[in-house]
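generate coordinates for the sequence data below:
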Amino acid sequence: MFRALVVEKDDAGATRATIQDLPDDRLPPGDVTVAVEYSTLNYKDGLCLGSGGGLVRQWPHVAGIDFAGTVETSEDPRYRPGDRVVLTGWRVGEVHWGGYATRARVKADWLVPLPEGLTTRNTMAVGTAGFTAMLAVMALEEHGLTPSSGDVLVTGAAGGVGSVATAILARLGYSVAAVTGRPETEAYLRDLGATRIVPRSDLADAPKRPLESETWAGAVDSVGGPMLARVLAQMKMDASVAAVGLAGGADLHTTVIPFIIRGVNLLGINSVFQPFARRRMAWERIVTDLPMAKLEGMIHEATLSDLPDLGRAILKGGVQGRVVVDVNA
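The predicted model follows:
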């Protein structure tokens, strides 16, 4: 038997999440069974804990797009019982039952061995959000960003991706300008290493001109919509924006002028289907580039029973930092 937070949908389309004890034969197909220790909370999880947001295909469903734990059984020679592993992406927690349970069964290709220096708990403090932030920083560096390039903008800075991106960039010596619409988060962002706070209202509207003053040497954007259009108009020559989210909308109304006049690069960051070698590289860099003391300061503890309320809160922008879910508590 295992325990899980099961989301069910009735004939009228209403959903309800309850903690249930289930037999192991309810686990989905896979060649590795993992005793889950910790999971976390992402924007997608908020969707999957409710209506599904078009991500969930079959009900009942177990959400949780991330988990970390210990291998119990494996039909794949790459993993043995006792190995510590982490999973992010691969549509787990969406079309495949996920980490809001004490046990998960998945394909071996979806797992990554836990790097030395990380515990299952702080790995989930990182989670998909932190993994995505690391991929974004790597992409910006690969397109020429260095600490001497100038200020790096982080939008949605108090959220999961933004918090980790701010901490990583500051650790690497970058000058970070953090965008927030909540004045109460300013001290938190400065503690993560932000050197400048940018009010959300300064960037909330689409640009009035295709090009504005060259301001940012790089950017990590989790907002999208009008804010991304505004940021693109303010990028320096040959600078890059790593786009990781769409909390502010999926539409992008802009022109090609920033791209052809200033050579701006818009880099889409896909954290779901990254190949194994890239995943492992990102996790190893997290060990060295993310200050663990700062990570600890981002953490909010939660249990399975807390998740329905937290899922609704994250969809409204009401969750700061990283939520770590102890699935066994």
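
going by C-alpha atoms from here, please, whenever you check contacts or count neighbours.
Fine.

just say helix, strand or coil for Tyr174.
coil (DSSP: H, G, I helix; E, B strand; the rest coil).

number of nearby residues for the spatially closest residue to it that is not a sequence neighbour?
Spatial nearest neighbour of Tyr174, excluding adjacent residues (C-alpha to C-alpha, 6 or more residues apart in numbering): Pro147 at 4.6 Å. If you count neighbours by other C-alpha atoms under 10 Å, Pro147 ends up with 16.

please apply the same query to Val256.
Look at Val256: counted by other C-alpha under 10 Å, it has 12 neighbours.

Gly98 too?
Neighbour count of Gly98, defined by other C-alpha under 10 Å: 31.

circling back: now the residue nearest to Tyr174: phi and psi?
As for Pro147, its main-chain torsions (degrees, to the nearest 10) stand at phi -60, psi -20.

other residues contacting the helix or strand bottoming out on mean pLDDT in the chain?
Across the helices and strands of the chain, mean pLDDT, DSSP states H and E gives its lowest value to helix 292-298, namely a mean of 88. By C-alpha atoms under 8 Å, 6 or more residues apart in numbering, the residues outside helix 292-298 that reach it are Asn122, Ala125, Val126, Ser163, Val164, Ala167, Asp191, Leu192, Gln320, Gly321, Arg322.

just stretch 244-257 next, same as before
For stretch 244-257, using C-alpha under 8 Å, 6+ apart, the contacting residues are 132, 136, 206, 210-211, 220-229, 268-270.

rerun that using 10 Å as the cut-off
When contacts are defined by C-alpha atoms under 10 Å, 6 or more residues apart in numbering, stretch 244-257 is touched by residues 43, 129, 132-133, 135-136, 155-156, 161-162, 204, 206-207, 209-211, 220-230, 232-233, 262-264, 267-271, 315-317.

so Arg105 belongs to a strand, correct?
Yes. Using three-state DSSP, the secondary structure at Arg105 is a strand.

could you number the chain from 846 rather than 1 from now on?
Understood, numbering begins at 846; the last thing we discussed is Arg950.

wait, it touches Asp876, no?
Yes. Using C-alpha atoms under 10 Å, Arg950 and Asp876 qualify as a contacting pair, with a distance of 7.0 Å.

need the overlap of contacts for these two.
Counting by C-alpha under 10 Å, 6+ apart, the residues touching both Arg950 and Asp876 are Thr918, Ser919.

higher neighbour count, these two?
For Arg950 versus Asp876, the count of surrounding residues by other C-alpha under 10 Å is larger for Arg950: 24 against 15.

ok, the more buried one - contacts?
Arg950 touches 869, 872-881, 916-919, 941-944, counting by C-alpha under 10 Å, 6+ apart.

still on that earlier bit, and the contacts of stretch 1089-1102, which of them are buried?
Those of these that meet the buried threshold are 888, 974, 977-978, 980-981, 1000-1001, 1006-1007, 1049, 1051-1052, 1055-1056, 1065-1075, 1077-1078, 1107-1109, 1112, 1114, 1116, 1160, by 16 or more other C-alpha atoms under 10 Å.

got the phi and psi for Asp911?
phi -130, psi 150.

next one: Glu961
As for Glu961, its main-chain torsions (degrees, to the nearest 10) stand at phi -60, psi 140.
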